[in-house]
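>>> Predicted model follows, preceded by the sequence.
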Amino acid sequence: MEIWKFFDITHREHVFCNPMSVEKFDELIALMRLKPKDRVLEIAIGKGEFIIRLAEQYDIEGIGVDLSPYCISYAKKKHQERIPDAQLNFVEMDGADYKPEAPEDFNLVACIGASWIFDGHKETLIALSEMAAPDGWVIVGEPYWQREPTAEYLEVIGEKRGTYGTHYENMKVGQELGLKLIYTLVSNQDDWDKYEGLQWYAANEWASKNPDDADVEEVLKRVHENRENYLRWGRETFGWAIYLFKKEVIKR
């Protein structure tokens, strides 16, 4: 089935499509302390909640990019319902292909929980840094290993140990690229359980209301497998954090 349909079904109960509480996202937004008309770029917007809340709090100008037509639709709807006068533009495309009109064009660039777009954490930080203005924010959300994953778990999820780093290694990658780590927000067990559990709940609700949909069997099968993997291995193995970096000003 189409990946974006599956994502839309399983994330219908989520406010933010990441394993982090709404309260922590509000904390993140409060720490930004942006100025009116600051320019923001978010790659992989999910339902658009992060950039919408930034616009509500700071009156920023923003561009949100996502490959999912469902996500773009959510974001546009929220824009019109909550802040129709805000200077926001939502673009349906692969975030890796997005090119700003000018380099170093944004006061804040974010890709929260979708580093696969740029083929990894390091590559994501490189791409975002090139679009961030000097002293601008570079914000990423990234998994990390809380403990060494078992070979069986890696085989089941189709990943390699080197796909993700530890929490320390995620920070170190940014520093080695010349970024300054300012803060991290780390998901706790409740954040993860809610993120995963709402997917099980949403899939069950959708299936009960759409029993004749051609994709019901596959949706429930995939959700069942994901639940088994999470409860057996992932809950104790995976961590997740949002990293707040600043692009250093180069003194000449």
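Good, I have the coordinates.

>>> worst-scoring helix or strand of the protein, pLDDT-wise?
helix 151-157 (a mean of 94; mean pLDDT, DSSP states H and E).

>>> Can you point out the buried residues in that one?
153-154, 157 (16 or more other Cβ atoms under 10 Å). The way it works is simple: take the backbone N, C-alpha and C, and place the C-beta from them, glycine included.

>>> Just put those residues in TSV and tack on distance to residue 63.
Shown next, in TSV, are the buried residues of helix 151-157 (distance: Cβ to Cβ, whole Å):
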residue	distance to residue 63
153	37
154	36
157	32
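
>>> Relative to residue 71, which of those is nearest.
For the buried residues of helix 151-157, the residue nearest residue 71 by Cβ to Cβ is residue 157; the value is 23.4 Å.

>>> Give the full set of residues in contact with that closest one.
229, 234 (Cβ atoms under 8 Å, 6 or more residues apart in numbering).

>>> Among the buried residues of helix 151-157, which one sits closest to residue 109?
Distances from residue 109 to the buried residues of helix 151-157, taken by Cβ to Cβ, are shortest for residue 157, at 28.5 Å.

>>> gap between the closest one and residue 178?
Distance of residue 157 to residue 178, computed by Cβ to Cβ, to the nearest Å: 32 Å.

>>> what's the answer for residue 188, then?
30 Å.

>>> now swap in residue 226 and tell me
37 Å.

>>> Show me which of those two is the more surrounded one.
residue 226 (17 against 12; other Cβ atoms under 10 Å).

>>> Do I have it right that that one meets residue 199?
Yes: look at residue 226 against residue 199 with Cβ atoms under 8 Å: they come within range, at 7.2 Å.

>>> I'd guess residue 134 is in a strand, am I close?
Yes: Residue 134 sits within a strand when classified using DSSP: H, G, I helix; E, B strand; the rest coil.

>>> May I ask you to name the longest helix in this protein?
helix 189-209 (DSSP state H).

>>> What is the subsequent helix or strand relative to the least confident helix or strand of the chain?
Under the assignment DSSP states H and E, the closest C-terminal helix or strand after helix 151-157 is helix 167-176.

>>> Next, the buried residues of that next one.
167, 170-171, 173-174.

>>> Over to stretch 176-189?
179, 185, 187.

>>> What is the burial count for the spatially closest residue to residue 13 that is not a sequence neighbour?
Spatial nearest neighbour of residue 13, excluding adjacent residues (Cβ to Cβ, 6 or more residues apart in numbering): residue 198 at 4.3 Å. By other Cβ under 10 Å, 16 other residues sit near residue 198.
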